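A.B. asks: coordinates only, no sequence provided:
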């Protein structure tokens, strides 16, 4: 007995293969690639060494981008500076120090445009310690300057006070010396007056005596005459 099936034939349980699989090719996942004639995209900056940077190390900054056609020019910039600090796909700082610390970014350019990367921070290990030491030194220097200025002011004030005292003492000495000389002159004048008085007294006495002798001539004549009379009387009696 022959059984005939009508309608669609049963489905084949084996999975269907694509034409590429039939010819032996493995299907691949599609990737998003930049379209031709576009400016650079996905511009990134990498730092070497990637760990902590010690002062004096050599630091290399590298710039990469996805572009079609590829980027031809790379420029390096530091934030807060208008002009470029370097060029090329790699920017090398041979001896890094605190003056190089900051944020850097690169700009990739092809014939269809340019694109800049995000900025990355590059700093020396212990940079804050150095700044702290500098701040401490500056503060100490300022404090020492104020102390020195204060000492100078005190010394100047003491010297001026000493000079004022010396001038006052000198004036007092001059005043006392003047008073002493005036008193000495007064004493000398009084002594001289006494001496003048003493020298004048004998003259006054002589003048008074002379005046006394001058004012009584008749009395002296009478006394002399009486003496002569007495002598004559005595003489006559003796005879």
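C.D. replies: Yep, that arrived. Bear in mind the structure is a predicted one, so any value in this text is a computation, not a measurement.
A.B. asks: from now on I want contacts and neighbour counts done on CA atoms only, so please keep to that.
C.D. replies: Noted.
A.B. asks: contacting residues for residue 110?
C.D. replies: Contacts for residue 110 were tallied using CA atoms under 8 Å, 6 or more residues apart in numbering; they are 39-40, 69-73.
A.B. asks: now pLDDT too, for these, in a markdown table please.
C.D. replies: Formatted as a markdown table, the contacts of residue 110 follow (pLDDT from 0 to 100):
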| residue | pLDDT |
| --- | --- |
| 39 | 85 |
| 40 | 87 |
| 69 | 82 |
| 70 | 86 |
| 71 | 86 |
| 72 | 87 |
| 73 | 91 |
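A.B. asks: contacts for stretch 54-68?
C.D. replies: 34-49, 53, 71, 74, 89-98, 106, 108, 124-125.
A.B. asks: give me the buried entries from the residues you listed.
C.D. replies: 38-41, 43-45, 47, 53, 71, 74, 89-92, 96-98, 106, 108, 124 (16 or more other CA atoms under 10 Å).
A.B. asks: now do residue 142 against residue 135, distance only.
C.D. replies: When distances are taken as CA to CA, to the nearest Å, residue 142 and residue 135 turn out to be 11 Å apart.
A.B. asks: in the chain, which spans are helices?
C.D. replies: 19-22, 127-214, 217-238 (DSSP state H).
A.B. asks: could you tell me the least trusted of the ones you listed?
C.D. replies: Out of the helices of the chain, the stretch the model trusts least by mean pLDDT is helix 19-22, with a mean of 40.
A.B. asks: so who does residue 94 touch?
C.D. replies: Residues in contact with residue 94 (CA under 8 Å, 6+ apart) are 56-59.
A.B. asks: redo that, cut-off 6 Å
C.D. replies: Contacts for residue 94 (CA atoms under 6 Å, 6 or more residues apart in numbering) come out as residue 58.
A.B. asks: now residue 49: how far from residue 161?
C.D. replies: Using CA to CA, one obtains 67 Å as the distance from residue 49 to residue 161.
A.B. asks: no no, residue 91
C.D. replies: When CA to CA is applied, the distance between residue 91 and residue 161 equals 68 Å.
A.B. asks: for residue 93, name its beta-bridge partners.
C.D. replies: According to DSSP bridges, the residues that bridge with residue 93 are residue 59.
A.B. asks: dump the contacts of residue 110 to JSON lines, plus distance to residue 80.
C.D. replies: What follows is those, written out as JSON lines (distance: CA to CA, whole Å):
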{"residue": "39", "distance to residue 80": "25"}
{"residue": "40", "distance to residue 80": "24"}
{"residue": "69", "distance to residue 80": "31"}
{"residue": "70", "distance to residue 80": "29"}
{"residue": "71", "distance to residue 80": "25"}
{"residue": "72", "distance to residue 80": "25"}
{"residue": "73", "distance to residue 80": "22"}
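A.B. asks: in strands, which of these fall?
C.D. replies: When the contacts of residue 110 are checked against strands using DSSP state E, the ones located there are residue 73.
A.B. asks: if we only consider the contacts of residue 110, which is nearest to residue 166?
C.D. replies: Lowest distance from residue 166 to these (CA to CA) belongs to residue 73, with 83.1 Å.
A.B. asks: model confidence score at the nearest residue to the closest one once chain neighbours are set aside, please.
C.D. replies: Nearest-residue entry for residue 73: residue 109, 5.2 Å, with adjacent residues in sequence omitted and distances by CA to CA, 6 or more residues apart in numbering. Among the per-residue scores, residue 109 shows a pLDDT of 91.
A.B. asks: much appreciated, bye for now.
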